[in-house]
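Q: Task: produce atomic coordinates for the following.
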Amino acid sequence: MRNEATRKVYDYWLRIKGDRSAPLRSEIDPTALRRLLPYLFILTPGAEGAPEFRLAGTRICEIFGRELRGAAFSGLWDGDPDPAEIARDVMRLEQPAILDGRTRNGETAIGFEVLLLPLRSGETADRLLGSFLPQASPAPPVTRPLSGLSLQGWNFLEADREPASSSTDDPGPARALLRFLSTRLLDNGTT
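A: Here you go, the predicted model:
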């Protein structure tokens, strides 16, 4: 994690989850993260299980120049692999992940890190708490709405706070493809 604020969100999630794989959504206290609320969002499964924004912080909406409530998570991203598949796996496996995204603001390339943390309403995770923060601090000014994030890489995170390999005993075809494409893009140096 490059941004200290991303680390704070992750550390908060680790504290409230304890020894469980994911905390209950009712355990999230917005006042504990009040300074970061403009950069936080909640995803829920929408039509056909595709993750969509239930809530999005004001700064995220400003960055994209529109209200994101009800919008598809995949609508922020260009190309393949589709980060919505990663979000589904975070819920299904109850395993947090961090995504590295890049976009352009005029001539300036801007990197963002997107943290995805599973939340439960009952027995299984059915929501994600996320943060959308710039990789650099302070954040570069955004002079016009951004569009077209490209996925540069991603990792699942372990409870020890270090990035984990994005493989598991049962990787599933979507995650295996995402991992392969992500690794190929990074290895070839293409963006």
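Q: okay, CA-based contacts and neighbour counts for the rest of this
A: Noted.
Q: By residue count, what's the longest strand in this protein?
A: strand 108-120 (DSSP state E).
Q: Send me the helix or strand just after that strand as CSV with only the CA atoms.
A: Next along the chain after strand 108-120, taking DSSP states H and E as the criterion, comes strand 125-134. Backbone C-alpha positions of strand 125-134 (Å, rounded to 0.1, in the frame of the first residue of the first chain) are rendered in CSV as follows:
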residue,chain,number,x,y,z
ALA,A,125,-20.1,-11.6,2.7
ASP,A,126,-22.6,-9.7,0.6
ARG,A,127,-21.0,-6.2,0.6
LEU,A,128,-17.6,-4.6,0.1
LEU,A,129,-16.2,-1.7,2.0
GLY,A,130,-13.7,0.1,-0.4
SER,A,131,-11.4,3.0,-0.5
PHE,A,132,-10.3,4.9,-3.6
LEU,A,133,-7.2,6.9,-2.9
PRO,A,134,-4.3,8.3,-5.0
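Q: Work out the gap between strand 125-134 and the centre of the chain.
A: Put simply, strand 125-134 sits 5 Å off its chain's centre (CA atoms, centre = their mean, to the nearest Å).
Q: swap in stretch 18-25?
A: Relative to its parent chain, stretch 18-25 has a centroid offset of 18 Å by CA atoms, centre = their mean.
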